[in-house]
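>>> fold the following.
(one chain, ligands or ions: 2)
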Amino acid sequence: MSDNLMKDVIEATRNFFELPDEEKQEFSDTSAASPLRYGSSFNVQAESVHFWRDYLKAFTHPQFSIPNKPAGFRDVAAEYCHKGREITKELYRGMSESLGLEANAIADAFGFDTDFQFYIANLYPPCPQPELALGQPPHSDNTAITLLIENGIGGLQVYQRGKWVKVKPIPGSIMVNIGDQLELVTNGKYNGVLHRVTLNNNVTRVSLALAHGPSFDKFVCPIPEIVKDGKLEFKGMNYGEYFYNQQSTQLVGKSRLDLLRISS
Ligand SMILES: O=C(O)CCC(=O)C(=O)O
Ligand SMILES: [Fe+2]
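Ligands and ions are numbered 1, 2, ... in the order given. Presented below is the predicted three-dimensional model:
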């Protein structure tokens with residue numbers, strides 16, 4: 001992935017947010033099932049507290065739903081998404097091997113030809129009282145692997161050993177976050193990271209979370225070879241259902257995955 005492509009896709013994403021409101025409203029859609037939607041917070045209908053964030057969410061695989069404006073947005077996003085999917089396949093291979101599985105085990109569990117890719121663009125404007133608000137609440141991503149880039153401002157925090165730790169953006173690098181579906185297929189060997197987004201009062205932050213998950217029609221469950229002699233930690237589920245349920249309720253921690261956890 002070239003530095004220029006990362007810069008260009010962030011720039012194009014920012015240019016989308018800078019379109020006049022009337023033009024962006026064309027994409028506002030309250031249905032979690034919509035392959036393209038522009039809005040604020042996470043789910044204004046379902047939540048009691050809102051977040052200081054605008055988003056553009058577009059399915060980019062199997063269908064490619066990036067808006068056709070501003071000019072050039074679709075092309076640069078298509079190139080970035082293509083590379084992002086290649087990187088993700090490589091990560092799935094490495095993670096499968098790290099668990100003593102066939103290289104294609106995780107990709108197979110996700111149904112790799114019609115696997116889901118989701119372009120989540122976030123805009124966090126300066127907030128007059130950043131200590132009183134959040135850009136996004138603590139959550140884990142409902143997908144498997146998220147490739148995150150941003151415009152160098154910082155604000156992401158991950159929960160580690162009982163503390164929120166700031167993630168310093170490193171120019172030219174991609175931050176890789178593990179999501180619920182990897183925790184599920186690996187029976188908890190890879191753990192979905194709890195993260196949140198804090199704000200600042202002087203600059204606008206733009207981030208792009210390119211999330212990758214299973215095919216919507218796939219029934220996802222722990223890979224049998226991983227469970228073998230150990231304890232089964234999760235029930236399985238259909239990924240399409242999981243996705244719609246997660247998108248249409250409040251975003252709260254790892255509550256969605258917890259519903260599948262088998263208690264001892
Ligand atoms: O803006 C960020 O740094 C994180 C975004 C994020 O967690 C998400 O969109 O799921
Ligand atoms: Fe996230």
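
>>> now the spatially most central residue of the chain. Nearest residue, chain neighbours left out?
The residue lying closest to the centre of the chain (Cα atoms, centre = their mean) is A211, at 3.9 Å. Spatial nearest neighbour of A211, chain neighbours left out: T143 (3.9 Å); criterion: Cβ to Cβ, 6 or more residues apart in numbering. For the C-beta atoms, the positions are set from N, CA and C on the backbone; glycine is no exception.

>>> where does pLDDT dip in the stretch 101-250 of the chain?
Applying pLDDT under 70 to the stretch 101-250 of the chain flags no residue at all.

>>> what are the ranges of the strands in it?
116-124, 136-139, 145-150, 156-160, 163-166, 175-178, 195-197, 205-213, 219-220, 237-238 (DSSP state E, counting those that start in this stretch).

>>> close to ligand 1: what parts of this structure are there?
Within reach of ligand 1 by Cβ under 6 Å from any ligand atom, the chain has these residues: 120, 122, 136, 141, 148, 150, 156, 195, 197, 207, 209.

>>> can you tell me which two in those are farthest apart?
Farthest-apart pair in those is D141 and E150; separation 15.3 Å (Cβ to Cβ).

>>> between those two, which has more neighbouring residues?
D141 (24 against 21; other Cβ atoms under 10 Å).

>>> let me see the contact set for the closest residue in space to that one that isn't next to it in sequence.
Sequence neighbours aside, G179 is the residue nearest to D141 in space, at 3.5 Å (criterion: Cβ to Cβ, 6+ apart). Applying Cβ atoms under 8 Å, 6 or more residues apart in numbering to G179 gives the contacts 140-146, 192-193, 211, 213.
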